[in-house]
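S.K.: Structure, please.
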Amino acid sequence: MESTLKIGMIGLDTSHVSAFAKLLNDHTQEYHVPGGRIVAAYPGGSPDFELSWSRLPGFRQELADNYGVSIMDSPAEVAERCDAVLLLSVDGRLHLQQLQAIAACRKPVFVDKPFAVNSEDARAMAALSREYGFPMMSCSALRYAGALTAALQDAEQGAVIGADYYGPLEIQPTQPGFYWYGIHTAEMLFRTMGAGCQSVRTTTNADHDQVVGIWADGRVGTIRGNRRGNKTFGGLVHREKGTQFVNTAAVAKPYYASLLEQVMQMFATGEPDVAASETLEIIRFLEAANESRETGLTVQL
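M.R.: Residues are numbered from 1 along each chain as shown. Have a look, this model is predicted:
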């Protein structure tokens, strides 16, 4: 690959389009991420999802006018013109179809959250990566929040024995239950606890949801979704000798910059920081949390 990678975007209906373009293409940005440049994009969009169709024209125009990005007629055209792809469509229902359209190009792909909105699609996407041999990674930017990274690097209080995270949980019908915003706290939880969750149980009411996950080694991890009150993210990391508070607002560096650094590393080396198996478990965790939300019962992963 070239020293400056040509990067394509698929799906111009999310604020991540603007954030990523600024960090990659604008060298004057304080947290500029070097190594690549957005050069081509496919708009995409979902006519039944207001947060998709209403935002798409503005982000499309921003890319074309401010960054000189060429707008293509299909996802495949984007992949053919680029060294790597950011699949950013805000609607997780489209990700499998769009990945199928570019898989044969065998380019490294970052799939924005939510990776998929059911386990069947998620497994099919992972299978495409294996079949065609292209590197793929997906996660929420909150996984790389500076405060979380600092807490996990400070192991003086011993091993992690549990964790509790909280954040906003707006409900979007097209991205059911926890897939839309629960993905953020779930990513923080899994980065802290690692894979191995065996069961979940959700408690829900009009204002809040709480998911309790039990790991195979007996550890307990929770995520709390708020629809009333503050819209901040944070949490507690419980260790053998004490508990750390993770205040994501305490670090100035944007989550997106830290995420893009990991994505660019994956584009350059072919080695994703998040294993496909963990991403599949996170999607199943959210799916099971939704099932429990509906039934009130404990659901096995």
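S.K.: Check whether Ala64 really touches Pro57, as I assumed.
M.R.: No - the pair Ala64 and Pro57 does not pass the contact test of C-beta atoms under 8 Å, sitting 10.8 Å apart. (Glycine included, C-beta is placed from N, CA and C.)
S.K.: so where is the protein shaky, pLDDT-wise?
M.R.: Residue ranges of the chain with pLDDT under 70: 1-2.
S.K.: Strands along that one, start to end?
M.R.: 5-10, 36-42, 70-71, 84-87, 109-111, 136-138, 160-168, 197-204, 208-215, 220-226, 234-239, 242-247, 299-300 (DSSP state E).
S.K.: tell me the phi and psi of Ala155?
M.R.: Main-chain torsions, Ala155, degrees, to the nearest 10: phi -100, psi 20.
S.K.: Distance check, the nearest residue to it once chain neighbours are set aside against Arg143.
M.R.: Closest residue to Ala155 apart from its sequence neighbours, by C-beta to C-beta, 6 or more residues apart in numbering: Arg239 at 7.7 Å. If you measure Arg239 against Arg143 using C-beta to C-beta, to the nearest Å, the figure is 19 Å.
S.K.: Settle it for me: which of those two has more neighbours?
M.R.: Neighbours per residue (other C-beta atoms under 10 Å) separate Arg239 from Arg143, with Arg143 holding more: 25 against 19.
S.K.: ok, that one - contacts?
M.R.: Counting by C-beta atoms under 8 Å, 6 or more residues apart in numbering, Arg143 makes contact with 187-188, 191, 259, 274.
S.K.: Look up how far Arg227 lies from the residue nearest to Ala76 when sequence neighbours are not counted.
M.R.: With C-beta to C-beta, 6+ apart as the criterion, Ala76 has its nearest non-adjacent residue at 5.2 Å, and that residue is Ala101. Distance, Ala101 to Arg227, using C-beta to C-beta: 35 Å.
S.K.: Could you do Leu5 as well?
M.R.: For Leu5, the distance to Arg227 - C-beta to C-beta - is 40 Å.
S.K.: Excluding sequence neighbours, find me the nearest residue to the residue of the chain positioned farthest from its centre.
M.R.: Distance from the C-alpha centroid of the chain peaks at Lys241, with 31.1 Å (C-alpha atoms, centre = their mean). Computed as C-beta to C-beta, 6+ apart, the closest residue to Lys241 that is not its neighbour in sequence is Gln157, at 4.0 Å.
S.K.: one step back: can I assume the residue nearest to Ala155 is in contact with Val160?
M.R.: Yes - applying C-beta under 8 Å, one finds Arg239 in contact with Val160, separated by 5.8 Å.
S.K.: Out of the contacts of Arg143, flag the one nearest to Ala84.
M.R.: Using C-beta to C-beta, Leu259 comes nearest to Ala84 of the contacts of Arg143, at 14.5 Å.
S.K.: shouldn't Gly44 be in contact with Leu12?
M.R.: Yes - using C-beta under 8 Å, Gly44 is in contact with Leu12, at 6.6 Å.
S.K.: Tell me which of these two has more neighbours.
M.R.: More neighbours surround Leu12 than the other of Gly44 and Leu12, with 30 against 24 (other C-beta under 10 Å).
S.K.: correct me, but that one touches Leu56?
M.R.: Yes - between Leu12 and Leu56 a contact is recorded at 5.6 Å, counting by C-beta under 8 Å.
S.K.: Please enumerate the shared neighbours of those two.
M.R.: With C-beta under 8 Å, 6+ apart, Leu12 and Leu56 have common neighbours 43-45.
S.K.: which among those residues gets closest to Arg106?
M.R.: The shortest gap between Arg106 and any of the shared contacts of Leu12 and Leu56 belongs to Gly44, at 20.9 Å (C-beta to C-beta).
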